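Asker: Need coordinates for the below:
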Amino acid sequence: ATLTGARLTGVRFTDGSFAGMNLQGIDLHGAKLDGANFAGAALDQCDLSKTSLVGCDFTGASLGEANFDDSDLSGAVLRDADLRTAHLTGCSLDQTDLRGAKLHRARLFKADLRTTQLRGASLVKCMLHDAQAAGIDLSECVLDDANFTGADLTGAVLSGAKASQVNLSQAKLAGANLSEINAPAANFEGSDLSKANLSRAQLDSANFHQASIEEADASEANIERGRFTEALATGMTFRGAILKYADFSHAMLRDVDLRDANLSQANMHRAQSEGAQFDGSNQSGLRHTDEQRAHAEDFQADA
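Answerer: Numbers count the residues shown, from 1 in each chain. This is a model prediction of the structure:
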């Protein structure tokens, strides 16, 4: 059956069945469709803004470019649904099941995801600025090029996620689990990673400029060419980590554990490393404070 392009704004049709139907381009703005079954339906470019969709079933539905702005998807099931470039700004996602969903380029600005299920979802280039996602499980998700700028991911689980070039700048990641994450060139600039678990993570060329990573655990992580300039890393563990060519200029490294780490060609210009442990580390080519550079920095500061 097909209702392609139909205009049904404001309709009331709870617990209805639209499973497998072609509803592409349909206008359901402001409708009340709680408990409806849209499993396997085609709803691409559909207008579902300000619509009540509480408890609806969208399992396997095609929802590319659909507009869910300001709608209520509380308790809805969207497992394995295709939501590429969908609009979900202001959408209620309380207890919503998005496991395995495709959310490429979807817009979730300031979304509250604290009770949303997203494990195994694909969020490639998804826009999640300022999202509230404390404690969320993003393990096994694909987060390549996703933007979490300013998001609250306190205590979140991102272990095993694929997150190449993910933007987590200014994000709250205190106590988060990022163990074994594969996130080359990730951006953590200005973020809070205190007591986070980064063990065995793949973070080559990651940016930790001015990040707070106190007491975080990056043991056996690969952070070759990582940028830790002006980072606050007191008490952090880098034991056995690969830190070749990493830049620790002006970083706070007091009481840091760098035992057995590979610091070949790393730069510790003006880093504060009192109490740091270097036993068994590879320090070949390790650069310490460059006096000429320091003099130039001090001259600029005085000017």
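
Asker: shouldn't L88 be in contact with E65?
Answerer: No: at 11.7 Å, L88 and E65 do not qualify as touching, with contact defined as CB atoms under 8 Å. For every residue, glycine as well, the C-beta is placed using N, CA and C.

Asker: of the two, who's got more company?
Answerer: L88 (28 against 17; other CB atoms under 10 Å).

Asker: dump the residue contacts of the more buried one.
Answerer: 68-69, 106-108, 111 (CB atoms under 8 Å, 6 or more residues apart in numbering).

Asker: Where do the helices of the stretch 151-300 of the chain begin and end?
Answerer: 291-302 (DSSP state H, counting those that start in this stretch).

Asker: Any regions of it where pLDDT drops low?
Answerer: 300 (pLDDT under 70).

Asker: can you do 90?
Answerer: 289-300 (pLDDT under 90).

Asker: residues making contact with stretch 254-267?
Answerer: Counting by CB under 8 Å, 6+ apart, 219, 233-249, 272-287 sit against stretch 254-267.

Asker: Recalculate using a threshold of 6 Å.
Answerer: Stretch 254-267 is contacted from outside by 233-247, 249, 272, 274-287, using CB atoms under 6 Å, 6 or more residues apart in numbering.

Asker: returning to what we had before: shared neighbours of L88 and E65, anything?
Answerer: By CB under 6 Å, 6+ apart, no residue touches both L88 and E65.

Asker: tell me which residues of stretch 128-145 are tucked away?
Answerer: By neighbour count on 16 or more other CB atoms under 10 Å, the buried set for stretch 128-145 is 128-129, 131-134, 136-145.

Asker: okay, now G190: neighbour count?
Answerer: With other CB under 10 Å as criterion, G190 counts 19.

Asker: which ones are touching it?
Answerer: 169-170, 210.

Asker: Adding neighbour count and distance to D192, write the residues you listed out as TSV.
Answerer: Formatted as TSV, the contacts of G190 follow (neighbours: other CB atoms under 10 Å; distance: CB to CB, whole Å):
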residue	neighbour count	distance to D192
S169	20	11
Q170	19	9
Q210	18	11
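
Asker: before we move on, back to that, go through the buried residues of stretch 128-145 and name the one nearest K102.
Answerer: V142 (9.1 Å; CB to CB).

Asker: How about the closest one: what's its closest non-neighbour residue?
Answerer: What sits nearest to V142 in space, not counting adjacent residues and going by CB to CB, 6 or more residues apart in numbering, is S122, at 4.3 Å.

Asker: go on, L113?
Answerer: A133 (4.2 Å).

Asker: The one you found and L193: what is the separation?
Answerer: 15 Å (CB to CB, to the nearest Å).

Asker: can you list contacts of stretch 175-185?
Answerer: Here stretch 175-185 has contacts from 153, 155-166, 195-205, using CB under 6 Å, 6+ apart.

Asker: next one: stretch 104-119
Answerer: Contacts of stretch 104-119 (CB under 6 Å, 6+ apart): 83-89, 93-99, 124-134, 136-139.
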